[in-house]
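make a model of this:
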Amino acid sequence: MDVYQQAVDYLESQHIAVEVATDADILEEEDVFQEELASSLFSPIHKDNTDFPDTPTLCSPEEMLERRLVVLKGILESEEVYLRELEALLMPMKALRASAGTSQPVLSSQQVHTIFYQVPELREMHQNFCSGLKGRLGVWESSSDLYPEQQRPPQDPDAGRERSCGEEAERRHTGFELMVGDLFLKMVNQIGVYGGFIENYEEAVEVVHRCTHSDPRFRTLAQSMMSNNGSDNTRTKYTFEALLYKPLDRVTKTTLVLRDLLKTTPVTHSDYPALEEALRLSRSFLAGVNESSQCKREVTLSHGMRRQLMRDGFVVDVCEGERHLRHVFLYTDLLLCTKVKSAAKGKQEQYRFCWYLPLAGLKLRWIADYERSADTHLRIHTIRSKIYLLRQQLREHVGGSRGLAARTRKKLEQVELMLLTHSPVHRLELHSPSGKTHSLFLSSLYELEEWREAIHRLTTDNIETVPPDLLTLTSACAKLRMTQQPPLHTTNAGEDQEESLCGTLSVAIHSARGLQQPACVYVCVEVDGYEFYDKQAQTHSSVHSLNPQWDQELCFQVDGAQSLWVLCVTQPEGQDDTVLGKASVTLDSKSLHKRWKRQTLLLGQVEVTLSLKYCPHPLDPPSSTPQQQKPVFCVPIGTVAQQEGMLVPHVVRYCAEEVERRGMHEVGIYRISGAASHISNIKAAFNSNLREAVTRLRKAEVNVASGVLKLYFRELPEPLIPTELFQSLARILDVQDFDSRWVSMLSLLQSCPDANRHTFLYLLHHLQRVSERQNVNKMSLMNLATVFGPSLLRPPMARLGHCGPTMDISQEVLVQVQVVFLYLQCNNLPAPQISLRHDIGSEDETTHM
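Numbers count the residues shown, from 1 in each chain. Below is the predicted model of the structure:
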């Protein structure tokens, strides 16, 4: 079957001129429907020339753009036909899966999986591309009808002086504003899906052959597959095998269509670089299919497995203290680290070998706590400031000189590359049985976990490694790679930047459920976009619990953010942190607003409840110093509540939780204090780094936790129970009727500010639970009131100008203790509200993802 000729015939049927290709350009392919189909899928795709095409030489820009529109419309029609064929192929999949679970299945579950492997993914990929292309063409046709060529708005005269006459003629043409290069580049970047389909194709056809001959029910189905022909309501009949061949036919035509589209696109068109790169990647993929099929037939591992590329990407490799950006390739049996050798424009990059590790016996270790040095912090700030300035310049160049914008974008990519090398802090250590160790750093914990999972799946199979031909393996990287370039936001940003976020994104982490056993857990949140500010934040580690509660707000300054990653991490005692699950959330500026929006995410088996809100605004330049947490000790409790977004301060909750977790059986838990130096250290940590403070609190003696809690209330500038209520509460003590006295005390409590009232209620409930174990810890309600009374309630005599009745110190202490004691004796205290509500307002909703 001559695929090239078929493609030429198709393009000519759409009135698209096609240059006659040389022999080196023709993609050859064996007829896969021959009876004597051998063990190989199809013959290698001979493609020796991988250079970019020559510059188009059509007569005029107007003629080129007219032909370009014809090519695009033909591509859209072809895509719609291909999607209908994929729909026809997938039509019986659900029924076959359902029958697999019955007593008389048509196919087994494994056979269904083999036949339809990667087909749904192919359909989704082409549906996205087709809808995007259709939308772009539709918008362009609408604008063309609205502004005919002779009536289009006038061009900016100042901008015109910077352009050549030919470029100005191109811009006046109605087709010049039509941008589709990002759609083609996005589709080609996902073309690796075809690799899995091609690898599986031979086995899928074999299953179809075998089942067609053995089962009459499947034979009837396989010989009468129907596809609609669009609007004319006619239908085309296919065989199952013919439909399975359609993706193979399609992937070869993609390169031909891209080549003709590029030839009808002026070099000065904004689409040209993207289409040029898409064509290069498509050709590289076809060459990789050939290389991959040859390598896999030559190298067979134990258990009958072949060496295949499973994953690749860019990471930072640390060698002798120096950081280097490397391209790492994960094969079935080994991990290969390479460095990219730069090539001349239009030439394909080459790879040089750095090191490799066999997967057999490879041990992985994620190092959770990695601190940057002061010099590294300064370097990263300098780089971020440069990125910010270049980003601002790039925005100023919009609509201006294209050459100046291109140079600015190039500088921005280079500076982003520096940041990508120096900023990653998530370290993955690799330890091989031979004693070799390598440390890889990644910018994202989400990406690190994907790498760890991929490597772990392969190492558990304990595959025996066949010594590789390193020269051949390294030289094949350029053809086999699935990741074409480092994850730079400048390069990967599409045309939909208006829908990305720029401003403040707030994430409130509420709680989690679904843990299999009690654990200390924290949540890590990451965002994408330009890294002017930190793009990662973590909650504190929860108390040992089945249903951890945080109610902690994390804020991000974002520019160009489109994705949010959430990970749930457990901290086993004496072991490394372990990721329990992860999830990705698409950030849509249209659905996010200034009111909180609550969502529930499924992270593996764990459900995490969080709220999001977004406030768009221009960003300030990055600060030279990291944003410091505001202190909490010696600060009015209302101020602390406002800055934390809580009604009960974190320090109160975490100290009380630690006492309830470890100190309920400790004799004199609130009477005997911990070491003063340890209490002082944890106080300093709460004033500067909440996460560090909670970590230290978990490791400190439980009497230190109780001492920190007492110190917090003692150092409040204003007591928890406002001073102006002291005399009123003293008078209530003289009321003999218990019910009347309690109603009056509750009324006074309700008059307190929200943060004071709810914190006091939280403390009362906690102390009541402590006193329930008084037979062990010897802390009765009266003992607890004696300890806390003087800190919670203070007389007003120290206030200048006070003219009320005075008491001696013994009377004051008696009132302080008796008031707290009476509150502790109440069995029906109102429940405290710990945090401010993050889901109020008519616009809020709960989404389960």
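
now Met664: closest residue in space, sequence neighbours ignored.
The shortest distance from Met664 to any non-neighbouring residue, by Cβ to Cβ, 6 or more residues apart in numbering, is to Arg773 (4.8 Å). Where you see a C-beta, it was placed from the backbone N, CA and C, and this is true even at glycine.

okay but the one you found is in contact with His665, surely?
Yes. Counting by Cβ atoms under 8 Å, His665 is a contact partner of Arg773 at 6.4 Å.

please tell me how far the residue nearest to Met664 sits from Leu612.
Look at Arg773 and Leu612: by Cβ to Cβ, to the nearest Å, they are 41 Å apart.

higher neighbour count, the two?
Just comparing Arg773 and Leu612: by other Cβ atoms under 10 Å the higher neighbour count belongs to Leu612, 21 against 16.

confidence-wise, which helix or strand of the protein is lowest on average?
Sorted by mean pLDDT, DSSP states H and E, the helices and strands of the chain end with helix 157-160, the least confident at a mean of 42.

what's the pLDDT at the nearest residue to Glu241 once chain neighbours are set aside?
Distance criterion Cβ to Cβ, 6+ apart; nearest residue to Glu241, sequence neighbours excluded, is Val208 at 5.7 Å. Looking at Val208, its pLDDT reads 86.

again, but for Tyr670
Taking Tyr670 on its own, its pLDDT is 95.

start at 690 instead
Shifting the count to begin at 690 puts that one at Tyr1359.

which SSE is the residue most central in space within the chain in?
The residue at the geometric middle of the chain, judged as the C-alpha nearest the mean C-alpha position with Cα atoms, centre = their mean, is Trp1254 (3.3 Å). Assigning secondary structure by DSSP states H and E places Trp1254 in strand 1252-1259.

by contact count, what packs against the very next helix or strand once past that strand?
Using DSSP H and E, the helix or strand that follows strand 1252-1259 towards the C-terminus is strand 1267-1275. In this structure, strand 1267-1275 makes packing contacts with helix 1134-1148, strand 1252-1259, strand 1286-1292, strand 1295-1305, judged by 3 or more Cβ pairs under 8 Å, 6 or more residues apart in numbering; DSSP states H and E.

so the longest one versus strand 1267-1275, what angle?
Our comparison of helix 1134-1148 with strand 1267-1275, counting by axes from the mean of the first three to the mean of the last three Cα atoms, to 10 degrees, yields an angle of 120 degrees.

okay, buried residues for helix 1134-1148 please.
Buried residues in helix 1134-1148, counted by 16 or more other Cβ atoms under 10 Å: Leu1134, Tyr1135, Glu1136, Leu1137, Glu1138, Trp1140, Arg1141, Ile1144, Leu1147, Thr1148.

sort the residues you listed by pLDDT and name the bottom one.
In terms of pLDDT, Thr1148 ranks lowest among the buried residues of helix 1134-1148, with 84.

and of the buried residues of helix 1134-1148, the nearest to Tyr1451?
For the buried residues of helix 1134-1148, the closest approach to Tyr1451 (Cβ to Cβ) belongs to Leu1134, at 32.5 Å.

quickly note the distance from Gln1174 to Tyr1040.
Shown here: Gln1174 relative to Tyr1040, a distance of 13 Å by Cβ to Cβ.

of those two, who's got more company?
Tyr1040 (20 against 17).

for that one, helix, strand, or coil?
Each residue gets one of three states, and Tyr1040 gets strand by DSSP: H, G, I helix; E, B strand; the rest coil.

tell me which element the nearest residue to Ser1112 once chain neighbours are set aside is part of?
If you skip the residues right next to it in sequence, Ser1112 has Ile1069 as its closest partner in space, 5.4 Å away by Cβ to Cβ, 6+ apart. Using DSSP H and E, the secondary-structure element containing Ile1069 is helix 1063-1085.

packing partners of the following helix or strand past that helix?
On the C-terminal side of helix 1063-1085, the closest following helix or strand by DSSP H and E is helix 1091-1111. Using 3+ Cβ pairs under 8 Å, 6+ apart as the contact test, the elements touching helix 1091-1111 are strand 998-1008, strand 1011-1020, helix 1063-1085, helix 1178-1181.

how does it look with 7 Å?
Judged by 3 or more Cβ pairs under 7 Å, 6 or more residues apart in numbering; DSSP states H and E, the packing partners of helix 1091-1111 are strand 1011-1020, helix 1063-1085, helix 1178-1181.

closest one to Leu1400 among those?
Of all the helices and strands packed on helix 1091-1111, it is helix 1063-1085 that lies closest to Leu1400, at 30.8 Å by Cβ to Cβ.
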